[in-house]
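Sharing a model prediction with you, sequence too.
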Protein chains: 2
Amino acid sequence: MVCPQFVLFGDSITEQSFRPGGWGSALADSYSRKADVVLRGYGGYNTRWALFLLDKIFPLQSSKPPLVVTVFFGANDAALLGRSNERQHVPLLEYKENLHRIITHLKNCSDSMLVVLITPPPVDENGRSQYARATYGESAVELPERTNETAGTYAKSCIQVAIESGVPVIDLWSKMQETVGWQQKYLSDGLHLTPEGNALVFEELLKILSERGLNFVDMPDDFPHHSIIDDKDSQKSFQGRK
Amino acid sequence: MVCPQFVLFGDSITEQSFRPGGWGSALADSYSRKADVVLRGYGGYNTRWALFLLDKIFPLQSSKPPLVVTVFFGANDAALLGRSNERQHVPLLEYKENLHRIITHLKNCSDSMLVVLITPPPVDENGRSQYARATYGESAVELPERTNETAGTYAKSCIQVAIESGVPVIDLWSKMQETVGWQQKYLSDGLHLTPEGNALVFEELLKILSERGLNFVDMPDDFPHHSIIDDKDSQKSFQGRK
């Protein structure tokens, strides 16, 4: 394989990124023939559990570490104690420490790797409870398992980690809330992303990649475009390519 | 990286398979945590040019050859001589021979690799000429650069190669034409696929994968589902995993 790798490492919002309209698909399509987009999304995972995957997904001795890794955790860490999803909860300080450990591990894999942090999205508590009632009916728990305020504190910690580590960050929590009607426009169930929400992640990521010379337009194709192949002597067009 | 690879090798119909509704995205989404779907689509390429890529994309000495490779060429080989796309034309017998060479190379990479041939789709000549007029205006060439009949002879040769090589094949040319209105339902410009056309490729491929025990439902996750992680002793849930 000749292409550099972009690895998408995160929870369900990453795992679902190849669904119709997904930001993973948009990346894979845009970077076709430039980079391979590798999906490492783990629904339900928090940063504590993500740490156990690091050595397996990103072995330190790899001869071909990824060029870009997105790290997109926090939505589950921010699940509230004493509510239905409390087993996923990770205390705020541990979340910060875990993100630091993830970044340190990735930088140990490759000092030139571009690590991009993404904050958890905002939470629409009405959307969550509508989803819960639609899914679980009368047995749906009344109290929200996540709040937007708590998600915001995790988002702020994520940004703090990015500043401390000198890596770029997408502040999805703030960015989405800049738009009136973000609750329905960007979120499908109060937490996961609509196609518009996915498009926003893609656009913000593309900005960061572009600032670092990694816009797909600037990257070379792996092999000649068909229009420049010499149809009388096609071998010539492929000579000297690695 | 711990997942087996599915490589999609083909022309523009493969290259575009991560666009919204694409069959590549559908595979990547369905096989998330089971297999990595790798895009190797080369718009405009015929089998003659594809041969030059084999050693680079599928090195014989690879320690981790793909588990599955789809080979989806023919739409460009079938471009007519004496028409606007004649530089892409490959004679029928050479097309057959090239497909055999591709399959032989892949089997030399790994005897256990599942190679799936896909025939070119049917051609809607009206759709092609509407597309040409919309794209090139008055300068659009009147005579079609591809015909459905010719695509059909390439499709039949592709099937013949599959039989001779003992590999499964998706007869997309015939399958699409079983449906009344296939021209608009499955083709966006007389040649490339609509979301419904993409869904058909995905469904047919899933049938072949399922027959060989490779339905995503039957394949193990790379890491534990979050619901079975012991939240009191999470390390225990990750011990002993490769």
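Received the coordinates, thanks.

Could you measure from the residue nearest to A:Ser165 when sequence neighbours are not counted over to A:Asp77?
Excluding its sequence neighbours, the residue lying closest to A:Ser165 (Cβ to Cβ, 6 or more residues apart in numbering or on different chains) is A:Ile103, at 4.9 Å. C-beta here means a position set from N, CA and C on the backbone, and glycine is covered the same way. Separation of A:Ile103 from A:Asp77 (Cβ to Cβ, to the nearest Å) stands at 15 Å.

Looking at those two, which is more packed in?
Set A:Ile103 next to A:Asp77 and count neighbours by other Cβ atoms under 10 Å in any protein chain shown: A:Asp77 wins out with 29 against 21.

for the more buried one, what are its contacts?
A:Asp77 makes contact with A:Asn46, A:Thr47, A:Arg48, A:Gln88, A:His89, A:Val90, A:Tyr95, A:Asn98, A:Pro120, A:Tyr154, according to Cβ atoms under 8 Å, 6 or more residues apart in numbering or on different chains.

Which of the three states applies to A:Leu8?
Under DSSP: H, G, I helix; E, B strand; the rest coil, the three-state class of A:Leu8 is strand.

Can you pull the phi/psi pair for the spatially most central residue of chain A?
Closest residue to the average C-alpha location of chain A: A:Phe72 at 4.3 Å, with Cα atoms, centre = their mean. As for A:Phe72, its main-chain torsions (degrees, to the nearest 10) stand at phi -130, psi 80.

Tell me which residues touch the residue nearest to it when sequence neighbours are not counted, please.
Residue nearest to A:Phe72 in three dimensions, not counting chain neighbours: A:Gly10, with 3.3 Å by Cβ to Cβ, 6+ apart. Applying Cβ under 8 Å, 6+ apart, we find A:Gly10 in contact with A:Arg40, A:Gly41, A:Tyr42, A:Thr70, A:Val71, A:Phe72, A:Phe73, A:Ile118.

Next up, the contacts around the second one.
What that stands for is A:Gly41. Contact analysis of A:Gly41 by Cβ under 8 Å, 6+ apart lists A:8-17, A:24, B:32-33.

Looking at those residues, spot the one nearest B:Leu205.
B:Ser32 (16.1 Å; Cβ to Cβ).

okay, the closest one: pLDDT?
Looking at B:Ser32, its pLDDT is 97.

Read off the pLDDT value for A:Leu81.
At A:Leu81, pLDDT is 87.

burial of it, as a residue count?
Neighbour count of A:Leu81, defined by other Cβ under 10 Å: 9.

The one 10 residues further on too?
For A:Pro91, the tally of surrounding residues (other Cβ under 10 Å) stands at 11.

what about it, distance to B:Glu125?
In terms of Cβ to Cβ, A:Pro91 sits 65 Å off from B:Glu125.

Likewise for A:Glu125?
Applying Cβ to Cβ, one obtains 55 Å for the distance of A:Glu125 from B:Glu125.

same question, A:Val123
Distance from A:Val123 to B:Glu125, counting by Cβ to Cβ: 53 Å.

Comparing these two, which residue is more hemmed in?
Taking neighbours as other Cβ under 10 Å, A:Val123 and B:Glu125 compare with A:Val123 leading, 24 against 18.

so that one touches A:Thr153, yeah?
No - the criterion here is Cβ atoms under 8 Å, and A:Val123 misses it with A:Thr153 at 11.6 Å.

List the buried residues in stretch A:206-219.
Applying a neighbour-count criterion of 16 or more other Cβ atoms under 10 Å in any protein chain shown, one finds A:Leu206, A:Ile208, A:Leu209, A:Leu214, A:Phe216, A:Met219 buried in stretch A:206-219.

and what of stretch A:79-97?
Quick answer for stretch A:79-97 (16+ other Cβ under 10 Å): A:Ala79, A:Leu80, A:Ser84, A:Asn85, A:Arg87, A:Gln88, A:His89, A:Val90, A:Leu92, A:Tyr95, A:Lys96, A:Glu97.

Please flag which of those sit within helices.
Among those, the ones falling in helices (DSSP state H) are A:Leu92, A:Tyr95, A:Lys96, A:Glu97.

can you narrow those residues to ones near chain B?
Checking those against chain B by Cβ under 8 Å from any Cβ of the partner chain, not one of them is in range.

Just name the closest of these to B:Gln183, please.
A:Tyr95 (54.0 Å).

After the lowest-mean-pLDDT helix or strand in chain A, which helix or strand is next?
Within chain A, no helix or strand scores below helix A:125-136, which has a mean of 85 by mean pLDDT, DSSP states H and E. Using DSSP states H and E, the helix or strand that directly follows helix A:125-136 along the chain is helix A:148-165.

how far is that next one from where the chain is centred?
Its chain's C-alpha centre and that of helix A:148-165 lie 15 Å apart, by Cα atoms, centre = their mean, to the nearest Å.

Quick check: next helix or strand after it?
Sequence order places strand A:169-170 as the next helix or strand after helix A:148-165, per DSSP H and E.

quick one: strands adjacent to that following strand?
Note on strand A:169-170: by DSSP bridges, its sheet partners are strand A:114-118 (parallel).

buried set for the strand it pairs with?
A:Leu114, A:Val115, A:Val116, A:Leu117, A:Ile118.

Could you measure from the fourth one over to A:Val161?
Counting by Cβ to Cβ, the separation of A:Leu117 from A:Val161 is 7 Å.
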